[in-house]
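Trainee: make a model of this:
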Amino acid sequence: MNSSAARDDWAESGRRGHRRGRARTWLMGVVAVVIALGLLVTGYGVAIEPRLILDEERIQAHIPGLSPDWDGADVLVFSDLQVGMWWDNTGMIERVVEDTVAADPAAVLLPGDFLYQSETSIQERIQHVTELLEPLTEAEIPVYAVMGNHDYAVGAVDELTAAFEESGIEVLANEAVLMPAPGGGRGSGLFLVGVGPSSVGEAEPQEALDDVPEAAPRLVMMHNPTTFPELPAGTAPMAVAGHTHCGQIALPWSPESSYMGLTEEEEIVADGFAPDGYGAEGNEMFVTCGIGFSLAPVRINAPPQLLTIELHPA
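Mentor: You can find the predicted model right below:
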């Protein structure tokens, strides 16, 4: 090989090495950017959205047979406190309770999952939850609850029910109760139907509905939204559920692509109003995002939520 050809080969080899070096540098830069973005998103999902952002959602419900005493009344809903989860969200619970007391609603509904597995004794966790909710009953707001699947999983339903009842929170287990009209009105009351969690086999919606006179105005509260399709037509003009945490990690504008939506074996409404065709005719359901966590203390595009239901006659 002559010297000219050797120089050309050497130069080409150098250019190839330079290109490979630039490709490695570019790839390392991309990896660094991806890692940095991942850390930023994780930091946001752990420290910002669940701790500092509260979604205050307001919806309207039109209830057949609702008396004028209830027209325009607000019922507030928040769920899934999950106290006992590692790095749980008690600061946000305190904020939600404070905002609820300030709103002075006609009633407060708590659709379950108050506890989470913990190394601390269950009795201590029950006392903690009761203390967190105590300002509601001290403000003389009627408060109603159903239990969630985690409350059953930790074996605390009986103790938690007793503690709630003692503090003034009425616990419904597949039963209905007549809520008094706000302001001491003398019109007909509003029935609240409370259904247990279906995910642990504790949901008996028909049993709960049997306590309600036919055509009487009612709201329905359940833990699992999958109970909703079991409600007969026209028996739940407004139902609320929790359980899903709105997926906890959800793609923007696409709740069906949340962690919950992608991993559930059965069709589930993870966020907001149930779509047409999910549930019987004349029934409507809203799924609230809750406050706490399951598996990991992170929320991305699924902030804690305080729901206000503004009631009107149909």
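Trainee: quick check: domain ranges of this protein?
Mentor: Domain ranges of the chain: 1-52, 55-313, per automatic domain parsing.
Trainee: give me the distance between the longest one and the centre of its chain.
Mentor: Just to be clear, that refers to domain 55-313. In terms of C-alpha atoms, centre = their mean, to the nearest Å, the centre of domain 55-313 is set 8 Å apart from its chain centre.
Trainee: now that domain: mean pLDDT?
Mentor: Taken as a whole, domain 55-313 has a mean pLDDT of 92.
Trainee: likewise for the shortest one?
Mentor: Per-region confidence: domain 1-52 scores 69 on mean pLDDT.
Trainee: before we move on, back to that, format the domains of the chain as TSV; extra columns: mean neighbour count.
Mentor: The C-beta positions use only the backbone N, C-alpha and C, and glycine is treated the same way. Formatted as TSV, the domains of the chain follow (neighbours: other C-beta atoms under 10 Å):
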stretch	mean neighbour count
domain 1-52	11
domain 55-313	19
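Trainee: can you map out the strands along the stretch 51-200 of the chain?
Mentor: Across the stretch 51-200 of the chain, reading from the start of the chain, the strands by DSSP state E, counting those that start in this stretch fall at 55-63, 74-77, 107-110, 143-145, 169-171, 175-179, 190-195.
Trainee: out of the ones you listed, flag the one nearest Ala302.
Mentor: When these are compared by C-beta to C-beta, strand 55-63 sits nearest Ala302, at 8.8 Å.
Trainee: quick one, which of the strands of the stretch 51-200 of the chain gets closest to Thr288.
Mentor: When the strands of the stretch 51-200 of the chain are ranked by distance to Thr288, counting by C-beta to C-beta, first place goes to strand 74-77 at 5.6 Å.
Trainee: outside of that closest one, which residues touch it?
Mentor: When contacts are defined by C-beta atoms under 8 Å, 6 or more residues apart in numbering, strand 74-77 is touched by residues 100, 103, 105-111, 219, 221, 240, 288, 306-311.
Trainee: tell me which of those residues fall in helices.
Mentor: Among these, DSSP state H puts Thr100, Ala103 in helices.
Trainee: just checking, Val177 touches Ala208?
Mentor: No: between Val177 and Ala208 there is no contact, the gap being 10.1 Å when judged by C-beta atoms under 8 Å.
Trainee: between the two, which contacts overlap?
Mentor: Counting by C-beta under 8 Å, 6+ apart, the shared contacts of Val177 and Ala208 are Gly194.
Trainee: hmm, back to that, now the strands of the stretch 51-200 of the chain as TSV including distance to Ser121?
Mentor: Compiled in TSV, the strands of the stretch 51-200 of the chain are given as follows (distance: least, C-beta to C-beta, whole Å):
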stretch	distance to Ser121
strand 55-63	33
strand 74-77	29
strand 107-110	22
strand 143-145	21
strand 169-171	21
strand 175-179	29
strand 190-195	27
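Trainee: which one of these lies nearest to Arg299?
Mentor: Proximity to Arg299, assessed across the strands of the stretch 51-200 of the chain by C-beta to C-beta, is greatest for strand 55-63 (10.3 Å).
Trainee: please save the CA atoms from the closest one in PDB.
Mentor: Backbone C-alpha positions of strand 55-63 (Å, rounded to 0.1, in the frame of the first residue of the first chain) are rendered in PDB as follows:
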ATOM      1  CA  ASP A  55     -58.800  19.500  43.200                       C
ATOM      2  CA  GLU A  56     -62.000  21.000  44.400                       C
ATOM      3  CA  GLU A  57     -64.600  19.600  42.100                       C
ATOM      4  CA  ARG A  58     -68.200  20.700  42.000                       C
ATOM      5  CA  ILE A  59     -71.000  18.900  40.300                       C
ATOM      6  CA  GLN A  60     -74.800  19.100  40.300                       C
ATOM      7  CA  ALA A  61     -77.200  16.300  41.000                       C
ATOM      8  CA  HIS A  62     -80.900  16.300  40.100                       C
ATOM      9  CA  ILE A  63     -82.800  14.100  42.500                       C
END
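Trainee: so which elements touch that strand?
Mentor: Counting contacts by 3 or more C-beta pairs under 8 Å, 6 or more residues apart in numbering; DSSP states H and E, strand 55-63 is packed against strand 218-222, strand 305-313.
Trainee: that strand pairs with which strands, and in what direction?
Mentor: strand 305-313 (parallel) (DSSP bridges).
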